[in-house]
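**Q** Got a sequence here, can you build the structure:
(one chain, ligands or ions: 1)
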Amino acid sequence: MDRLKGKVSIVTGANSGIGKRTAEIFADEGSDLVLVARRLDKLKEVEAECAAKGVKVISVSADVSIYEDCQKVVKEAIDAFGKIDVLVNNAGIADKHRPITRIENDWWDHVIQVDQYSVYYMMKEVLPYMEKAHSGSIVNISSIGGVGCNAGISYSAAKAAVIAMTKNVAIQFAGTGIRCNAIAPGFIATDMTEKQGENKLLAFVPLGRMGQPEEIAQ
Ligand code: NAD
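**A** Here you go, the predicted structure:
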C-alpha cells in the first residue's frame, strides 16, 4: 500500500483488461490517475471505482493513435495535477494474426498507428514534463509477439518497435532520473484474447494456463 502515494499516473487503455487492473492497483497504491480510452462511459465506471479508494481521478476520452488526442491527454493531466510521474502506455489492439500476404495496407497502417505511434506520441508529449522534474517512469506494454515476432506482421512489427523505442528512451534519458521500461506479456485473459479463442492460444503456453491482468499490472 502507498507505494505510489503523491504520484500522478497516466494509464492508457484503462477501461478494460490489463489497463483497468493497472489503474485499480495504482489507486490501491495511492496514485492519482489520468485514465485514457475512447469510450468515456466505460472509463467513468473505472474512474468511480478508483476514486472510491481515495485518490483523485480524471478520465480523458482520446484515441491514442491520433497525435492531437495525445496532446489533449497530457494537457488535461497537467491542468488537473500540474505534473506527471508515471506513464503506462497500455492501449493496444491485436492484428488477427494476419501474415504479410493476407494483410491489407489499411489494416497494417491502423495497427501500427494504434500499437506503435501511440507509444511514440505519448512519450514525446510527457517527457518534457518529466525532464523538467528530473524524475519519471514510463512503462510500455509490448508483447511476447514483439520479442519472438510470431504474431501477425503488423502486431509483431509494432510491438518490436515498442521495445526499440523503450530502449532508446531509456538510453537517452539514463542518469536523468527518468526510467523507461517495457513489459512483454504472454497470453493474458482479457477481451483481446477472448476474441482469439483461449483454447487455441493455450497450445502455445508452456505454463498451461492464461496469465491474469493482475500479474501484468503488479
Ligand atoms: P483489452 O482489449 O482488454 O484492452 C485494450 C485497451 O486499449 C482497451 O481499454 C481499449 O479501449 C484501448 N484502446 C484500444 N485502441 C485504442 C485507441 N486507439 N485509443 C485509446 N484506447 C485504445 O486488451 P488487453 O489484453 O488488456 O491489452 C492491453 C495491452 O496489452 C495491449 O497493448 C496489448 O497489445 C498488450 N498485450 C496483451 C496480451 C494479451 O494476451 N491480452 C499479450 C501481450 C500484450
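
**Q** C-alpha from now on. contacts and neighbour counts both.
**A** Noted.

**Q** how about the residues of the protein near the ligand?
**A** By C-alpha under 6 Å from any ligand atom, the part of the chain that sits against the ligand consists of 13-19, 37-38, 62-65, 90-94, 114, 141-144, 185-193.

**Q** host element of Gly145?
**A** Here Gly145 sits within helix 144-147, counting by DSSP states H and E.

**Q** in stretch 191-210, what's buried?
**A** For stretch 191-210, burial by neighbour count (16 or more other C-alpha atoms under 10 Å) applies to Met192, Thr193, Glu198, Leu201, Arg209, Met210.

**Q** Let me know the pLDDT of the last one.
**A** In other words, Met210. On pLDDT, Met210 comes in at 94.

**Q** Now do the phi/psi pair for the residue nearest to it when sequence neighbours are not counted.
**A** Once flanking residues are discounted, Met210 sits nearest to Ile188: 5.3 Å by C-alpha to C-alpha, 6 or more residues apart in numbering. Here is the backbone geometry of Ile188 (degrees, to the nearest 10): phi -120, psi 140.

**Q** going forward, begin numbering at 52 instead of 1
**A** In the new numbering, first residue 52, that becomes Ile239.

**Q** Quick check, central residue of this protein?
**A** Nearest to the mean C-alpha position of the chain, by C-alpha atoms, centre = their mean, lies Asn141 at 1.1 Å.

**Q** pretty sure that one contacts Gly64?
**A** Yes. Using C-alpha atoms under 8 Å, Asn141 is in contact with Gly64, at 5.7 Å.

**Q** Give me the common contacts of the two.
**A** Gly70 (C-alpha atoms under 8 Å, 6 or more residues apart in numbering).

**Q** If I look at Lys251, what pLDDT would I see?
**A** 83.

**Q** For it, pull up the helix or strand it's in.
**A** helix 249-253.

**Q** after that helix comes which helix or strand?
**A** helix 264-268.

**Q** any idea of the mean pLDDT in that next one?
**A** Here helix 264-268 scores 97 as its mean pLDDT.

**Q** List the buried residues in that helix.
**A** For helix 264-268, by 16+ other C-alpha under 10 Å, it's Pro264, Glu265, Ile267, Ala268.

**Q** Can you tell me the closest non-neighbouring residue to the second one?
**A** Beyond its immediate neighbours in the sequence, the residue positioned closest to Glu265 (C-alpha to C-alpha, 6+ apart) is Arg72, lying 6.0 Å away.

**Q** Which residues does the helix or strand of the chain with the lowest mean pLDDT contact?
**A** Sorting the helices and strands of the chain by mean pLDDT, DSSP states H and E puts helix 249-253 at the bottom, at a mean of 83. Contacts of helix 249-253 with the rest of the structure, by C-alpha under 8 Å, 6+ apart, involve Phe238, Ala240, Thr244, Gly259, Arg260, Met261.

**Q** wait, what's in contact with the closest residue to the third one other than its chain neighbours?
**A** Nearest residue to Thr244 in three dimensions, chain neighbours excluded: Phe238, at 7.1 Å (C-alpha to C-alpha, 6+ apart). The contact partners of Phe238, taken as C-alpha under 8 Å, 6+ apart, are Thr244, Leu252, Val256, Met261, Gly262.
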